[in-house]
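In: Predicted model, plus sequence, below.
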Amino acid sequence: MDWRRGRAALVQAEIASGEPGEASTLFGLLLRAASRFGSKPALQVCRSGQWSRLSYRQLLAGAQTWGRVLAAAGLSPGDRALVISESSPEWGIGYFAILSQGAVAVPLDPHLGGADVAAIAARVNARVWLVSRAVLGRIGEVAAGAAESPTIFEIDGFSALPEQAALTAEGHPAAPPYGADDDGGRREPPEPADMQASDLTASILFTSGTTLAPKGVPLTHRNFLSNVLPLVSVMHFGSRDEIISVLPMHHALEFTGGFLSPLSRGATITYVERVTPRALLEAMQATRSTVMIGVPRLCVLLVKAIQAGAGSLGSWGRISFAASAALARFSQALASLMPPLSPQLRALRASLFRPMHRRLGGHVRLIVSGGAALPPEVFDALDLMGFTVCEGYGLTETAPVLTVNPPERPRRGTVGCPLPGVKITIEEPSAEGIGAVLAQGPSVFRGYLEDEQATREAFCGEWFRTGDLGRFDRCGYLVLAGRADDVIVTGGGKNVYPMEVEWLYQSLPHVKEFCVVGMSDPASAGDAVHAVVVEDDAEGSPPAEARRAAIESAVSEISRRVSPHQRIRRVHYWEGDLPRTPTLKVRRKQVQAALREMAARSRPHGT
């Protein structure tokens, strides 16, 4: 039997009225959603003041039709196709069009350089690329010079039917036309020629990491679907939800949490052309957004935007704001003493800060943060105003969510409880309960793309080694302590976890951001704890000399209260933002390398 036919063996037709959890493929999820939610808006974006919307039925129609166009261009079951575009409704059409033909989607960061794109395309043997106009303008020459000349489609036109759109790939016959109106007077599009079984690969994602060679992570339909069902249950997604999409679609958290999960429940997803505080607030107000899934930096932007609105209040408004804040702090203290009353007390705080909620559209019920640790002061600021903030944790290799705080009982400084079906264990915990975080469950991938050694190193029997360190608190919530390879070992043999030290020193004044790294300490024959600080030099800040004096005074004060092995021994000042991965984790190795280079330059010759 031809291997392509074997891979794309027909599965039973999806039952249109069934629950999302019964779907066996991601395309089956879309089929069910289109049947259940029909003319309801699925994806929308405001461009130059004009709203463009796709209903669930139109999303399915576009995916079916463009899928046949891709097949006519040579895309076969099992083939890999790149998707390189900014977040948009067209991205969703393109993704599902690839899956409709039994092929595998390879979403990439639209900011990747042309050489990186060409290298990944060669690695996965992708001969069909769906590329946005902006990306094509940057990498067009590289694509044209690729060893295997790819067939390129400009994805910006995918919101129109092929007979109405200009294809970049010339000479490919348009798919048979069919009606796309929402009044029911249309013939149903045919089933895809081949549907994948749930254990076949749906996407290959590439880890951002801190290495020069990102790993390819094949994820199956089952991996994604087994993450969607418990996630929508815990987060209570529903057809009345309005999701504001702010993360790039190649990001696993956005794809599963902000795309597949809402679509499975009939929610509407809104994209913004540019992720700026103003654009974000305008979109949230226009759509009355109910859920935002983001990373800590976006939560910081939200807090600053809200606080800017509070700062523009008149004198009586500022007095009222201060009084509300005092009452809200009392409410927070009461909630810590009486956890069962937390939801009601949070609702009280929301009513106290109703004007601040109105700045975000007035209907936000949930803010989910992942990708990196949320600064405690940001959690506190949002919680003070009555917003429900839930941190979660996961990896690309786990499709991606492993744990999340339940909205009813979020706990500050934790990443929540394991999702139903997920098992987490702590390997060889220390006296403080900290050890390597291992995970098991149906959303965990099976191995890296063509990298047997990395796969062997990533697993301990049936358990996946996440590479993170953590512990469970008294309530069963996971608390992360950093990456295993970031642990600082002192001359006295003590293990120091950077994230814990950053937590202890979180109140440093005049600091925009900072991180903790270990640097060699010849005097102790081990490593010492060093802080790398980016100063907050915004308008109105003290002069640099005064800022640094205040920072170092605060470091000395906090150091008197913490364990000796956790004390910061030296402060370095960093120009510009700290280097981060696309998921906004600090690249500590890069910071360490820069510090070593500076130390070498300052060392006298011959020493």
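Out: Received it, and whenever you're ready, just let me know what you need.
In: Give me the secondary structure label for the most centrally placed residue in the chain.
Out: With distances taken as CA atoms, centre = their mean, Leu253 lies nearest the centre of the chain, 3.6 Å away. Following DSSP: H, G, I helix; E, B strand; the rest coil, we place Leu253 in the helix state.
In: contacting residues for it?
Out: Listed by CB atoms under 8 Å, 6 or more residues apart in numbering, the contact set of Leu253 reads 247, 293, 370-371, 392, 394, 400-401, 583. In this view, the C-beta of every residue, glycine as well, is placed from N, C-alpha and C.
In: same deal with Cys460?
Out: Here Cys460 is in contact with 427, 438 (CB under 8 Å, 6+ apart).
In: returning to that earlier point: for the residue nearest to the centre of the chain, give its distance to Pro400.
Out: Separation of Leu253 from Pro400 (CB to CB, to the nearest Å): 6 Å.
In: Identify the contacts common to those two.
Out: Gly394.
In: Buried ones in the helix or strand harbouring Arg68, by neighbour count?
Out: Using DSSP states H and E, Arg68 sits within helix 56-72. Residues of helix 56-72 classed as buried: 56-71 (neighbour count, 16 or more other CB atoms under 10 Å).
In: Over to stretch 298-311?
Out: For stretch 298-311, by 16+ other CB under 10 Å, it's 298-303, 305-306, 309-310.
In: CSV for the contacts of Leu253, including secondary structure and pLDDT?
Out: Supplementary listing: these in CSV, determined by DSSP: H, G, I helix; E, B strand; the rest coil; pLDDT from 0 to 100:
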residue, secondary structure, pLDDT
Leu247, coil, 91
Ile293, strand, 94
Gly370, coil, 90
Gly371, coil, 82
Gly392, strand, 96
Gly394, strand, 95
Pro400, coil, 96
Val401, strand, 97
Thr583, coil, 70
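In: Pull up the gap between the nearest residue to Thr490 once chain neighbours are set aside and Leu595, please.
Out: Spatial nearest neighbour of Thr490, excluding adjacent residues (CB to CB, 6 or more residues apart in numbering): Gly526 at 4.6 Å. Counting by CB to CB, the gap from Gly526 to Leu595 is 16 Å.
In: Kindly report the same for Arg569.
Out: 13 Å.
In: and if you look at Ser369?
Out: With distances taken as CB to CB, Ser369 is found 29 Å from Leu595.
In: Ok, Ala305 next?
Out: Applying CB to CB to Ala305 and Leu595 gives a distance of 34 Å.
In: Next: Leu327.
Out: As judged by CB to CB, Leu327 and Leu595 stand 46 Å apart.
In: again with Val275
Out: Here the criterion is CB to CB. By it, Val275 lies 31 Å from Leu595.
In: Which of those two has more residues huddled nearby?
Out: Each of Val275 and Leu595 has its neighbours counted (other CB atoms under 10 Å); Val275 has more, 20 against 17.
In: State the three-state secondary structure for the more buried one.
Out: Assignment for Val275 (three-state DSSP): coil.
In: Hmm, Val246 and it touching each other?
Out: Yes: between Val275 and Val246 there is a contact at 5.3 Å, judged by CB atoms under 8 Å.
In: shared neighbours of those two, which are they?
Out: Shared contacts of Val275 and Val246, counting by CB under 8 Å, 6+ apart, come down to Leu298.
In: pLDDT value on Asp451, please?
Out: With respect to pLDDT, Asp451 scores 94.
In: Arg187 now?
Out: Among the per-residue scores, Arg187 holds a pLDDT of 34.
In: Please apply the same query to Gln50.
Out: Gln50 is given a pLDDT of 92.
In: Identify the contacts common to Arg569 and Leu595.
Out: With CB under 8 Å, 6+ apart, Arg569 and Leu595 have common neighbours His530.
In: lowest average confidence, helix or strand, in this structure?
Out: helix 3-7 (a mean of 40; mean pLDDT, DSSP states H and E).
In: Give the rounded mean pLDDT of the following helix or strand past that helix.
Out: Sequence order places helix 26-37 as the next helix or strand after helix 3-7, per DSSP H and E. For helix 26-37, mean pLDDT rounds to 96.
In: in helix 26-37, what's buried?
Out: By 16+ other CB under 10 Å, the buried positions in helix 26-37 come out as 26-37.
In: Dump those to TSV, plus distance to Val591.
Out: TSV is the format used below for the buried residues of helix 26-37 (distance: CB to CB, whole Å):
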residue	distance to Val591
Leu26	38
Phe27	43
Gly28	45
Leu29	41
Leu30	43
Leu31	48
Arg32	47
Ala33	44
Ala34	48
Ser35	51
Arg36	49
Phe37	47
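In: so which of those residues comes closest to Glu457?
Out: When those are compared for distance to Glu457 (CB to CB), Leu26 wins out at 29.2 Å.
In: any idea how far Leu60 is from that closest one?
Out: Leu26 is 12 Å from Leu60, by CB to CB.
In: Looks to me like Tyr430 is in a helix.
Out: No Tyr there; residue 430 is Ser. No: assessed with three-state DSSP, Ser430 is coil; it does not lie in a helix.
In: For Thr490, see how far away it is.
Out: As judged by CB to CB, Ser430 and Thr490 stand 14 Å apart.
In: and these two? which has more neighbours close in?
Out: Comparing Ser430 with Thr490 by other CB under 10 Å, the one with more neighbours is Thr490, at 20 against 13.
In: That one and Ser520 touch, don't they?
Out: No: using CB under 8 Å, Thr490 is not in contact with Ser520, being 11.3 Å away.
In: hey, what's in contact with both of the two?
Out: 527-528.
In: residues of stretch 502-518 that come out buried?
Out: For stretch 502-518, the neighbour count (16+ other CB under 10 Å) marks 502-505, 508, 510-511, 513-518 as buried.
In: quick one: it to chain centroid distance?
Out: Between the centre of stretch 502-518 and the centre of its chain there are 23 Å (CA atoms, centre = their mean, to the nearest Å).
In: distance between the ends of it?
Out: 13 Å (CA to CA, to the nearest Å).
In: quick revisit: which residues do Leu26 and Leu60 both contact?
Out: Phe96.
In: Just give the closest residue to Glu86, not the sequence neighbours.
Out: Leaving aside its chain neighbours, Glu86 sits nearest to Pro110 (5.3 Å; criterion: CB to CB, 6+ apart).
In: Would you map the strands across the stretch 401-550 of the chain?
Out: 401-404, 417-418, 423-427, 435-440, 459-460, 463-472, 478-483, 488-489, 495-496, 511-521, 526-535 (DSSP state E, counting those that start in this stretch).
In: what angle separates the last one from strand 511-521?
Out: I take that to be strand 526-535. Here the directions of strand 526-535 and strand 511-521 differ by 160 degrees (axes from the mean of the first three to the mean of the last three CA atoms, to 10 degrees).
In: distance between strand 526-535 and the chain's centre?
Out: Taking the mean of its C-alpha atoms, strand 526-535 sits 27 Å from the chain's own mean (CA atoms, centre = their mean).
In: could you dump stretch 321-334 to PDB, C-alpha only?
Out: Presented in PDB, the C-alpha positions along stretch 321-334 are these (Å, rounded to 0.1, in the frame of the first residue of the first chain):
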ATOM      1  CA  PHE A 321      -9.100  55.700  43.700                       C
ATOM      2  CA  ALA A 322      -6.900  55.700  46.900                       C
ATOM      3  CA  ALA A 323     -10.000  54.900  49.000                       C
ATOM      4  CA  SER A 324     -11.000  52.000  46.700                       C
ATOM      5  CA  ALA A 325      -7.400  50.700  46.900                       C
ATOM      6  CA  ALA A 326      -7.400  50.800  50.700                       C
ATOM      7  CA  LEU A 327     -10.700  48.800  50.800                       C
ATOM      8  CA  ALA A 328      -9.400  46.400  48.200                       C
ATOM      9  CA  ARG A 329      -6.300  45.700  50.100                       C
ATOM     10  CA  PHE A 330      -8.500  44.800  53.100                       C
ATOM     11  CA  SER A 331     -10.500  42.500  50.800                       C
ATOM     12  CA  GLN A 332      -7.300  40.800  49.700                       C
ATOM     13  CA  ALA A 333      -6.200  40.200  53.300                       C
ATOM     14  CA  LEU A 334      -9.600  38.900  54.200                       C
END
